[in-house]
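Enquirer: sequence below, structure please.
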Amino acid sequence: MSMKICEMSKTKSISQWNDVLKDIEIRLMEARKRVTELENAKRVFKKMATDGAPCPGTEKSATQI
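Expert: All right, here's what the predicted structure looks like:
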């Protein structure tokens, strides 16, 4: 990746680099949002396992799966 950046740095203007950085920021925010969603799902699943509640779409509790 660093070689690619070195090659790109010879041809990109500052405004093009700003566009690249904005794109990276957007991807990072999307990744953080996805991590939060996964952490929330994990928390819900753990609570279901503790409570012995059935998992959505099944008759089995989380501890039986």
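
Enquirer: wasn't residue 11 part of a helix?
Expert: No: read with DSSP: H, G, I helix; E, B strand; the rest coil, residue 11 is coil and lies in no helix.

Enquirer: count the neighbours of it for me.
Expert: A total of 7 residues lie near residue 11 under the criterion other CB atoms under 10 Å. The way it works is simple: take the backbone N, C-alpha and C, and place the C-beta from them, glycine included.

Enquirer: and residue 45, by the same measure?
Expert: Residues near residue 45, counting by other CB under 10 Å, number 13.

Enquirer: remind me what the longest helix seen in the chain packs against, helices and strands.
Expert: Assignment by DSSP state H gives helix 14-51 as the longest helix of the chain. With contacts defined as 3 or more CB pairs under 8 Å, 6 or more residues apart in numbering; DSSP states H and E, helix 14-51 has no helix or strand neighbours.

Enquirer: avg pLDDT for that helix?
Expert: For helix 14-51, mean pLDDT is 90.

Enquirer: which of the residues in it are buried?
Expert: Applying a neighbour-count criterion of 16 or more other CB atoms under 10 Å, one finds residue 48 buried in helix 14-51.
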